[in-house]
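In: For reference, the sequence and a predicted model appear below.
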Amino acid sequence: MARRGVTWSVIAGALAALGLAAGCKKPPPPLPPPTVLVAPAVQQDLSLTAEFVGTIDGYVNAEIRARVKGFLKTQDYQDGAFVKKGQLLFTIDPSEYIAAVGKAKGALARAQASYGQAKVTADRYRPLAAKQAVSQQDLDDAVAQQRAAMATVDSAKAALDEAQLNLGYCRIMSPVDGVAGTALVRVGNLVGQGDPTLLTTVSQLDPMRVTFPISEAQYMRVASRAAALEKLDPLDAGTDRQVLELILADGSVYPHKGWFISVGREVEKGTGTIQVQSVFPNPERILRPGQYGRVRVPRPSEGKPMVVVPEGAVKELQGTFTVAVVGPDDTVQIRTVEVGPRASQLWAITKGVSAGDRVITQGAQKVAEGQKVVAQPDPSAAGQAAHRAQTPGAPAAPAAPAADAGG
């Protein structure tokens, strides 16, 4: 019993010691305030643009088809390679068509021989008929045979031309300079059976055609200028026409500017839009058919200064826009704002932010209302705002969807 009592006393003492040690542990120090990047809201005039989603395609997309039946003998280019106009792409086994040409040549020779004999007979009968040595009927028959023989010669010549044409179709050339797609039929397959077989497509990559829809109301504002496009050379890249910008899928601005070339024939009933076509130079072959991009179209400036912030500072949730502002005491204020148009990665704020306010451009997702932060200037946003403030007439970026949706 004594030994058992000693054991329990030891355990109780150990537990008490652990509790005392736990009670003496200090709480962890508070976390330092988060670091965020900020930029000042500035007041300036914006050169506005509208923005539309465009589809990029080759200026010419030539479908390469087998126009005669036969077995594909060779593929004379690499899939996806750049090819020149007139370059050999495929050959079809020509044996059948070489034989057809020989047969057509023989038929033509026989027709020419028959015509020669009929002509000699008709020429001999003419003076004899004048002397009534042969009847007029015999002369008429000879002349008719000569004409029939001539028609046979013409028919044989046409058959030879057709045979030679079919033989030429066995060598399939590229009709334009461009990039040839992956071959859809491999060597050894039978092609041209029934309908002409699509072998590949060659797309002209410089320039590129970019098509985008505009609303009927937007079209009405430019209808008078659209008619003038019909009188211009589509490939005339005059500097006064190069007004369009293209934003690629990674958000970068395409280095070459484009221009309008045509407006579609009709307004689509289902969408109420009309297709507009533009052209962009593509000397580096960066653009490829099937890509999408955002086309920026310049709009007249509203002529009055606006308070603008970098577009990264504006957050949207279910149609509500907010901006995180850092006060003079480095405390965060989450403000609900009203937005205007966007231009060159800047967003106009019509209510909720004043010029000079420091707005958070990076790190807003890790702060809350009333929280202390360490604010550091955002070099890219500050430099951009300063550049735009010095050059208010610089090319603009997309207007906000709300600004562009109206007529």
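Out: Cool, the structure landed. Residues are numbered from 1 along each chain as shown.
In: Now the top helix by length along the chain: buried residues?
Out: Criterion DSSP state H: the longest helix present in the chain is helix 95-130. Within helix 95-130, the residues scored as buried using 16 or more other Cβ atoms under 10 Å are 97, 100-101, 104, 107-108, 111-112, 114-115, 118-119, 121-122, 125, 129. Any C-beta I mention is one placed from the backbone N, CA and C, and that applies to glycine too.
In: tell me which of those residues is nearest to residue 323?
Out: Of all the buried residues of helix 95-130, residue 323 sits closest to residue 97, with 73.4 Å by Cβ to Cβ.
In: about what we covered before: can you point out the buried residues in the helix or strand just after the longest helix of the chain?
Out: As assigned by DSSP states H and E, the chain's next helix or strand after helix 95-130 is helix 136-168. Residues of helix 136-168 classed as buried: 139, 142-143, 145-146, 149-150, 152-153, 156, 159-160, 163, 166-167 (neighbour count, 16+ other Cβ under 10 Å).
In: that older thread, could you list every helix and strand in contact with the longest helix of the chain?
Out: Here helix 95-130 touches helix 136-168, going by 3 or more Cβ pairs under 8 Å, 6 or more residues apart in numbering; DSSP states H and E.
In: For the helix it packs on, give the mean pLDDT please.
Out: Helix 136-168 shows an average pLDDT of 92 in the prediction.
In: buried stuff in whichever helix or strand comes after that helix?
Out: Later in the chain than helix 136-168, the nearest helix or strand by DSSP H and E is strand 171-173. Buried residues in strand 171-173, counted by 16+ other Cβ under 10 Å: residue 172.
In: tell me the mean pLDDT for strand 171-173?
Out: 95.
In: Just give me how far stretch 35-46 sits from the chain centre.
Out: In terms of Cα atoms, centre = their mean, to the nearest Å, the centre of stretch 35-46 is set 33 Å apart from its chain centre.
In: how about it: buried residues?
Out: Of all the residues in stretch 35-46, those buried under the rule 16+ other Cβ under 10 Å are 36-42, 44-46.
In: from what I can see residue 171 touches residue 87, true?
Out: No. Using Cβ atoms under 8 Å, residue 171 is not in contact with residue 87, being 10.9 Å away.
In: so who does residue 119 touch?
Out: Applying Cβ atoms under 8 Å, 6 or more residues apart in numbering to residue 119 gives the contacts 146, 149.
In: which stretches of the stretch 151-300 of the chain have low pLDDT?
Out: Filtered on pLDDT under 70, the stretch 151-300 of the chain yields the residue ranges 224-231, 236-240, 299-300.
In: the strands in it, which residues?
Out: 171-173, 178-180, 190-191, 197-203, 208-215, 245-247, 259-263, 273-280, 292-298 (DSSP state E, counting those that start in this stretch).
In: Tell me what the residue positioned nearest the centre of the chain is bridged to.
Out: Residue closest to the average C-alpha location in the chain (Cα atoms, centre = their mean): residue 56, at 1.4 Å. For residue 56, the beta-bridge partners under DSSP bridges are residue 210.
In: does it really touch residue 288, like I thought?
Out: Yes. With contact defined as Cβ under 8 Å, residue 56 reaches residue 288; the gap is 7.2 Å.
In: Mind listing residues that contact stretch 129-145?
Out: 118, 121-122, 125-126, 128.
In: Could you tell me the end-to-end distance of that stretch?
Out: End-to-end distance of stretch 129-145 (Cα to Cα, to the nearest Å): 16 Å.
In: and it, how far from the chain's centre?
Out: Mean-position distance between stretch 129-145 and its chain equals 74 Å (Cα atoms, centre = their mean).
In: again with stretch 135-149
Out: 68 Å.
In: now the strands of the stretch 151-300 of the chain as a markdown table including distance to residue 222?
Out: Formatted as a markdown table, the strands of the stretch 151-300 of the chain follow (distance: least, Cβ to Cβ, whole Å):
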| stretch | distance to residue 222 |
| --- | --- |
| strand 171-173 | 41 |
| strand 178-180 | 31 |
| strand 190-191 | 47 |
| strand 197-203 | 29 |
| strand 208-215 | 8 |
| strand 245-247 | 17 |
| strand 259-263 | 8 |
| strand 273-280 | 9 |
| strand 292-298 | 9 |
